[in-house]
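Q: Fold the stuff below for me.
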Amino acid sequence: MKSPSVESTRAVPVRRRIESVLRGFRAGVRSGARICLAAGVPAGVRAPASACVGSACVASVCVLALALSGASCQKQSGTKIVFWQFWSADVINPIIAQFEKANPGITVEMQQLTWQNGFEKIVAAVSSGTQPDLCELGSTWVPKFAADGVLADLTSDVADMRDDYLFWDSCTLNDTVFGIPWVAGTRALFYNKELFAKAGLDPEKPPKTWAELSACAKKIHASAAGVYGFGLNTGERYILFKKFMPLAWGNGGAVLTADMRRPALYSVQNIQALDFYRSLKPYSLVEKQDVLDMAFKQGKLGMMISGGWNLSTVPSDAPQLKFGVALVPRPAAGRGSHASFAGSEILVTFAKSKHKAEALKLARFLVSRDNVIALSRAAKSVQPALRGAEDDPYYETHPLERTFVIQLKTAVAPPAHPKWVEIEDEIDAAVEEVLYDRKASGEALLDAHKKIEDIISRP
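A: Here you go, the predicted model:
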């Protein structure tokens, strides 16, 4: 832009008009009328005052530039990547802000999805060609999108990361890697220490086997009216399977064969697990997860298998409640394992992404050790999909959260089958049939086995 000292005399009237506009601009700023000019402010973050100006300012800046230099207003250079994810602003925005600060040429436009309709929204975006550059997917969704050919092949891009993270099977199909494990969620045994003591049980010794779990549930249920020994889930999609299959996996059971070509649900191991699950009903509250969580907070439930979200909600809603967290009990001492459900959140980019390199740069930043632990600490409902996370100083001083990290070591992820959602529905239905005494365990699992066989065989 030329210096005002060399302006021609014909520019004086223009200068006066500019000064008039600027006076209006300053008044507009004082009045609070603002629009954001700062590119890359993350969704949900209020831009600083220095980044926002009165609407008249936009015109004045352009007039000033045109009058004094002949230049027009230019858009800020750089790359904008679109990121769809499920975390609230207070959890994710600080990490995104750090990324933008470290990468000044990249801005991130975020959109928060919900688990209620996120899957459908992503499907619609892929169908219309409006998919984001980077997207968070639930691990059970990845196989479908991978099988449909819409995800980018990341096999070579993540080769150097394989030894440092868990749950690669959840984002791998036919030996091709389609995502990066970010965080994981599992289930553990929550138990009320006060109810243990009232029932004559040692509050520092939670049950480690099926027999101990049953005995504890029976004693707690008998200790007082309106108190239940255990919480059994029912009536919810995506929930029931996660409570029954840990017992089956711990007993050596499976849903599909190793090659995922045939069902394996009808087995002695799975029948034994479902028989045991059903045997807890006389001492249990049979309800949906949110009802079980509330009963636990109210001191009416002795034990339940539930998720890490309770590590923040229980102290907040019931600060006086004394509770502990333990591994899911194994079938017997020296037999089976402390298995649980493992669900992970996977970062993927799409085959048609316009900014794959920048999206992968953001993905690597998000899963880096410090950032993934920071997110997990803030959320508490998830754990890092990171090997050795239990040795981090934070988890060393937070034993309840550390139990979840340790539980991940023996947790099992559902098979990465493109039709998993349909398969899971059949397992849920079979377990409900048994819980409501409509079928015996063997009959229910055999019927589900046959239906799963039909699902797998369909093109």
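Q: Kindly provide the whole-number mean pLDDT of stretch 132-151.
A: Per-region confidence: stretch 132-151 scores 94 on mean pLDDT.
Q: then that stretch to CSV, C-alphas only?
A: Taking Å, rounded to 0.1, in the frame of the first residue of the first chain, the C-alpha atoms of stretch 132-151 are listed here in CSV:
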residue,chain,number,x,y,z
PRO,A,132,-15.8,-34.5,6.2
ASP,A,133,-12.1,-34.7,5.8
LEU,A,134,-11.7,-36.4,9.2
CYS,A,135,-14.4,-38.3,11.1
GLU,A,136,-14.8,-40.2,14.3
LEU,A,137,-16.5,-43.6,13.9
GLY,A,138,-17.6,-46.1,16.5
SER,A,139,-15.6,-49.3,16.0
THR,A,140,-18.6,-51.4,15.1
TRP,A,141,-19.4,-48.9,12.2
VAL,A,142,-16.0,-49.1,10.6
PRO,A,143,-16.5,-52.5,8.8
LYS,A,144,-19.6,-51.4,7.0
PHE,A,145,-18.0,-48.2,5.7
ALA,A,146,-14.8,-50.1,4.8
ALA,A,147,-16.8,-52.8,2.9
ASP,A,148,-18.6,-50.1,1.0
GLY,A,149,-15.3,-48.7,-0.3
VAL,A,150,-15.8,-45.2,1.0
LEU,A,151,-12.9,-45.1,3.5
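Q: Please spell out which residues along that stretch are buried.
A: Of the residues in stretch 132-151, 132-147, 150-151 count as buried by neighbour count, 16 or more other C-beta atoms under 10 Å. Just so you know, the C-beta spots here come from the backbone N, C-alpha and C atoms, and that holds for glycine as well.
Q: Which of these fall within strands?
A: Using DSSP state E, Leu134, Cys135, Glu136, Leu137, Gly138 are the members of these that sit in strands.
Q: which one of those residues is nearest Glu236?
A: Of all these, Glu236 sits closest to Gly138, with 15.7 Å by C-beta to C-beta.
Q: Hmm, that closest one is touching Gly343, no?
A: Yes - using C-beta atoms under 8 Å, Gly138 is in contact with Gly343, at 6.7 Å.
Q: and of the ones in strands among the buried residues of stretch 132-151, the nearest to Trp182?
A: Proximity of those to Trp182 (C-beta to C-beta) peaks at Glu136, which lies at 6.9 Å.
Q: how many neighbours does the residue lying closest to the closest one once chain neighbours are set aside have?
A: The shortest distance from Glu136 to any non-neighbouring residue, by C-beta to C-beta, 6 or more residues apart in numbering, is to Gln85 (4.2 Å). The criterion is other C-beta atoms under 10 Å. On that basis, Gln85 has 22 neighbouring residues.
Q: neighbours of Tyr394, just the number please.
A: Applying other C-beta under 10 Å, we find 13 residues neighbouring Tyr394.
Q: Next, it: secondary structure please.
A: The three-state assignment at Tyr394 reads helix, by DSSP: H, G, I helix; E, B strand; the rest coil.
Q: Roughly how far does it sit from Tyr266?
A: 44 Å (C-beta to C-beta, to the nearest Å).
Q: The longest strand seen in the chain - what's its average pLDDT?
A: Longest strand in the chain, counting residues (DSSP E): strand 180-192. Average pLDDT, strand 180-192: 96.
Q: Which positions in the following helix or strand past that strand come out as buried?
A: Later in the chain than strand 180-192, the nearest helix or strand by DSSP states H and E is helix 193-198. If you call a residue buried by 16+ other C-beta under 10 Å, then helix 193-198 has these buried ones: Lys193, Leu195, Phe196, Lys198.
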